[in-house]
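Peer 1: Structure of the sequence below:
(chains A and B)
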Amino acid sequence: MKTESEIRQTLREWIVRTSGKIRAEELDDDTPIIERRIISSLQLTDLILMLERLSDSPIDIEMLKPGVFRDINTIYRNFFEPARA
Amino acid sequence: MSKSAPESTSEAIFDPRVLPDYGWYESGQSALSGSLLELYRRIDNMFLKWASECQAAEFFFPTFISARELAKLDYFRSFPHLVTFPASLDAADDNLKRFTEGTPLDQEGCVHLTALDPVRNVLTPAACYHFYILFQGQALAEPRYVTTRATCFRRETHYLPLQRQWNFSMREIVCIGNSDEVKAFLGRYTEKVQAFFERIHLPVNWVNATDPFFNPSKNPKFLAQRLDPVKTEMVFRTGLAIGSVNFHRNYFGEAFQIQRQEQEAFSGCVAFGIERWIFAFLNEFGPDQKQWPDLNTF
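Peer 2: A predicted model of the protein is given here:
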């Protein structure tokens, strides 16, 4: 079971590696990754697959609400916070 | 840019075909004269006045857009069901002869084409596309505010007078700049348009929407728009979207290499479907022009 900081670090590394548009030191946990198109619409599908692996639980795309992928904080809150389980 | 809101049939809808100043073509087109043409002009003049408040420069564009340019937006994969192409016959003598000696037009009104020239253009599907092509490759020293009105073409499965047309008039006010400049522009115009609706008592709700993608469940762009809404429609009480406010992020800046402050430019637009505004006026205020709001005061 990963800790919160490990999960956040994994998310950060994945975003930097996948995007190619931003350096790790420029990416904060509240950097808007969709609005700034750091993650493109094509990469969004990969992000969902990665989150399913990382959280070890399936994501129902139909149930996703606007804003759930806004930034690392929002992603952590929506997919990893203990309250979700 | 959107025409995606469904029309409601639950309320009585005013049918403009009863008006002498209105003509409807089953091909999804309208003809206006008299008071309706005057209303069309007054509505558009009001939009132009709104555009002048940000010193937007007005442009007039041709009807065709280069298919090569449109392809940079992945338009043909995203919206193949909407696109309309200008087609012309291959000018070779034997081809033209085959056409004239065949049955150019059958009893159903269908043209029987022979070989066509290569299609390299598209009839304008959205007014603001012209601007991103125009500013392609430029580095903007300051935000650009621009406006145009275009006849836009979108093939649909069915058409309704003034509500859903194959071609219609779209006025857009556009900002290309950095993220903050574009957001401020969109915020300012959202407030302005909302204040206008309130003053004339036109019942309009703001509703998040997505562009009408082909096969949306398979299109990641649709998913992205759903999860991070960038389009807000002005939805008249019948369910008809009469305009929209759109935040494109840096999508067009990236596709057309437009730079602002050494980064891909952001853009946003406020779009108005003029025939749909006429529809809303007729439904809300009736066909008597004396009952219409005086748009000169806005």
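Peer 1: which parts of the stretch 151-298 of chain B sit against chain A?
Peer 2: B:179, B:208, B:220-221, B:223-229, B:249-251, B:254 (C-beta under 8 Å from any C-beta of the partner chain). (C-beta placed from N, C-alpha, C; glycine too.)
Peer 1: ok, these vs A:Ile61, which is closest?
Peer 2: In terms of C-beta to C-beta, no member of these lies closer to A:Ile61 than B:Leu223, at 6.8 Å.
Peer 1: that older thread, among the residues of the stretch 151-298 of chain B next to chain A, which two are most distant?
Peer 2: Top of the distance list for these (C-beta to C-beta): B:Asn208 and B:Glu254, 23.2 Å.
Peer 1: neighbour count winner among those two?
Peer 2: A side-by-side neighbour count of B:Asn208 and B:Glu254, using other C-beta atoms under 10 Å in any protein chain shown, places B:Glu254 first with 18 against 12.
Peer 1: what's near enough to touch the residue nearest to that one when sequence neighbours are not counted?
Peer 2: Closest residue to B:Glu254 apart from its sequence neighbours, by C-beta to C-beta, 6 or more residues apart in numbering or on different chains: B:Glu264 at 4.7 Å. If you count contacts by C-beta atoms under 8 Å, 6 or more residues apart in numbering or on different chains, B:Glu264 has them with B:Asn250, B:Gly253, B:Glu254, B:Gln257, B:Ile258.
Peer 1: what about the residue in the stretch 1-150 of chain B positioned nearest to chain A, how many neighbours?
Peer 2: For the stretch 1-150 of chain B, the residue closest to chain A is B:Asp74, as judged by C-beta to the nearest C-beta, at 9.7 Å. The local packing of B:Asp74 (other C-beta under 10 Å) involves 14 other residues.
Peer 1: do B:Gly286 as well
Peer 2: Quick note: B:Gly286 (other C-beta under 10 Å) scores 12 neighbours.
Peer 1: okay, and the helix or strand of chain B with the least pLDDT?
Peer 2: helix B:220-227 (a mean of 84; mean pLDDT, DSSP states H and E).
Peer 1: so after that one, what's the next helix or strand?
Peer 2: For helix B:220-227, the following helix or strand on the C-terminal side (DSSP states H and E) is strand B:231-236.
Peer 1: hang on, isn't A:Arg37 packed against B:Glu254?
Peer 2: Yes. Applying C-beta atoms under 8 Å as the test, A:Arg37 and B:Glu254 come out as touching, 7.1 Å apart.
Peer 1: On the secondary structure side, give me the element for the residue positioned nearest the centre of chain A.
Peer 2: In chain A, the residue lying closest to the centroid (C-alpha atoms, centre = their mean) is A:Ile75, at 4.8 Å. Under the criterion of DSSP H and E, A:Ile75 resides in helix A:72-79.
Peer 1: which ones are touching B:Asn95?
Peer 2: Contacts of B:Asn95 (C-beta under 8 Å, 6+ apart): B:Leu89, B:Thr114, B:Ala115.
Peer 1: and the helix or strand where it lies, how far from the chain's centre?
Peer 2: Taking DSSP H and E as the definition, B:Asn95 sits inside helix B:93-101. With C-alpha atoms, centre = their mean, to the nearest Å as the basis, helix B:93-101 stands 37 Å off its chain's centre.
Peer 1: The helix or strand just after that helix pairs with which strands?
Peer 2: Downstream of helix B:93-101, the next assigned helix or strand under DSSP H and E is strand B:121-123. Paired neighbours of strand B:121-123 in the sheet (DSSP bridges): strand B:64-66 (antiparallel).
Peer 1: List the contacts of the partner strand.
Peer 2: Here strand B:64-66 makes contact (C-beta under 8 Å, 6+ apart) with B:Pro86, B:Arg120, B:Asn121, B:Val122, B:Leu123, B:Thr124, B:Pro125, B:Tyr129, B:His130, B:Ile133.
Peer 1: rerun at 7 Å
Peer 2: B:Pro86, B:Arg120, B:Asn121, B:Val122, B:Leu123, B:Thr124, B:Tyr129, B:His130 (C-beta atoms under 7 Å, 6 or more residues apart in numbering or on different chains).
Peer 1: what's the nearest residue to B:Gly177 if we skip its chain neighbours?
Peer 2: Leaving aside its chain neighbours, B:Gly177 sits nearest to B:Pro143 (3.0 Å; criterion: C-beta to C-beta, 6+ apart).
Peer 1: Enumerate every residue touching residue 59.
Peer 2: Reading this off chain A. Counting by C-beta under 7 Å, 6+ apart, A:Ile59 has contacts A:Ile48, A:Leu51, A:Glu52.
Peer 1: think we crossed wires, I meant chain B
Peer 2: Contacts of B:Phe59 by C-beta under 7 Å, 6+ apart are B:Val146, B:Thr148.
Peer 1: B:Val230 versus the residue nearest to the centre of chain A, what's the distance?
Peer 2: In this view, A:Ile75 and B:Val230 are 19 Å apart by C-beta to C-beta, to the nearest Å.
Peer 1: And B:Val83, by the same measure?
Peer 2: Distance from B:Val83 to B:Val230, by C-beta to C-beta: 22 Å.
Peer 1: Kindly report the same for B:Asp44.
Peer 2: For B:Asp44, the distance to B:Val230 - C-beta to C-beta - is 25 Å.
Peer 1: of these two, who's got more company?
Peer 2: B:Val230 (20 against 17).
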